[in-house]
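A.B. asks: just the structure for this:
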Amino acid sequence: MKVLIVEDEPKIAGALSRGLKQEKSIVEVCDDGESGLASALGDEYDVIILDRMLPGMDGVEICRQIRAGNITTPIIILTAKSQIRDRVEGLDAGADDYLVKPFSFEELLARIRAVLRRPQDAIDNILKVGDLTLDTVNYDVRRGKTAIHLTSTEFALLEYLMRNQTRVMNKDKIVSHVWDFDADVLPNTVEAYISSLRHKIDKPFKGKPLIHTLRGFGYKVEG
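C.D. replies: All right, here's what the predicted structure looks like:
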């Protein structure tokens, strides 16, 4: 899962980033409204966590402009304002949820899971392709009844491909969603991780291969 955090309080941004990375998410942090909007419009994310009060441009306006750009990424607004009219303004601007500070990290994770259940390609926490299942909450991967042990990067790569099953994902998109933006990813890194996944997901099993390569285009998972 790739998450954009737009938050100008360093302690809050740092705590959220650390917590989400421990949950195997790729996290990008912006500390002002203009850079947050530029990132939201210029890249793809699974969830956007957006502070309401920001320097340069407030969260409600950012939310409006994201939706005006026909971007449907789930947005959770964070705010110290708890009045009903403030919440209504954020939701009317296109936010999917609203979380009042202070809040627990566990509640934020629950809100993220809730908004991710809404898109058609993520109805619940269990992703399925053929006889392959991936539990995004318990980090459990199985083919049939056989448990498959993956590294955190392998898990993130497989989750991304399964959330986009049947779609061909090129290397640039994969790197953007699976590795931190400042990570030093070599040209053959994606190929190496795809090969590792194949050895764990496909080769030990007699069923139909699930990981496919389209030469010159990218990779997809399809049952």
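
A.B. asks: what's the closest non-adjacent residue to Met57?
C.D. replies: Excluding its sequence neighbours, the residue lying closest to Met57 (CB to CB, 6 or more residues apart in numbering) is Gly33, at 2.9 Å. Backbone N, C-alpha and C define where each C-beta goes, glycine included.

A.B. asks: for this structure, give me the ranges with low pLDDT.
C.D. replies: Within the chain, the stretches with pLDDT under 70 are 81-83, 118-124, 181-183.

A.B. asks: could you list the domains of it?
C.D. replies: Following automatic domain parsing, the chain resolves into domains at 2-116, 126-221.

A.B. asks: mean neighbour count, these: which tops it?
C.D. replies: domain 2-116 (a mean of 17; mean count of other CB atoms under 10 Å).

A.B. asks: endpoint to endpoint, it covers what distance?
C.D. replies: 12 Å (CA to CA, to the nearest Å).

A.B. asks: please enumerate the strands of this protein.
C.D. replies: 2-6, 26-30, 47-51, 75-79, 97-100, 126-129, 132-135, 140-143, 146-148, 211-214, 218-221 (DSSP state E).

A.B. asks: any chance of these in CSV, plus distance to Leu157?
C.D. replies: Shown next, in CSV, are the strands of the chain (distance: least, CB to CB, whole Å):
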stretch, distance to Leu157
strand 2-6, 12
strand 26-30, 11
strand 47-51, 18
strand 75-79, 25
strand 97-100, 27
strand 126-129, 13
strand 132-135, 11
strand 140-143, 11
strand 146-148, 13
strand 211-214, 10
strand 218-221, 9
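
A.B. asks: out of these, nearest to Thr189?
C.D. replies: strand 218-221 (13.0 Å; CB to CB).

A.B. asks: now that closest one, how far from the centre of its chain.
C.D. replies: Chain-centre distance of strand 218-221: 18 Å, with CA atoms, centre = their mean, to the nearest Å.

A.B. asks: for stretch 63-79, same thing?
C.D. replies: The answer for stretch 63-79 is 15 Å, by CA atoms, centre = their mean.

A.B. asks: so what's the residue nearest to Met57 up against?
C.D. replies: Counting by CB atoms under 8 Å, 6 or more residues apart in numbering, Gly33 touches Val6, Leu54, Pro55, Gly56, Met57, Asp58, Gly59, Glu61, Ile62.

A.B. asks: pretty sure the second one sits against Leu37.
C.D. replies: Right, the one you point to is Leu54. No: with contact defined as CB atoms under 8 Å, Leu54 does not count as touching Leu37 (9.6 Å).

A.B. asks: and for these two, which residues touch both?
C.D. replies: With CB under 8 Å, 6+ apart as the test, Leu54 and Leu37 both reach Ile62.

A.B. asks: quick one: the helices in this structure?
C.D. replies: 10-22, 33-42, 59-68, 84-92, 105-116, 152-163, 171-178, 189-201 (DSSP state H).

A.B. asks: want to throw those helices into a markdown table with distance to Phe217?
C.D. replies: Output for the helices of the chain, formatted as a markdown table (distance: least, CB to CB, whole Å):
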| stretch | distance to Phe217 |
| --- | --- |
| helix 10-22 | 30 |
| helix 33-42 | 22 |
| helix 59-68 | 28 |
| helix 84-92 | 39 |
| helix 105-116 | 27 |
| helix 152-163 | 14 |
| helix 171-178 | 10 |
| helix 189-201 | 13 |
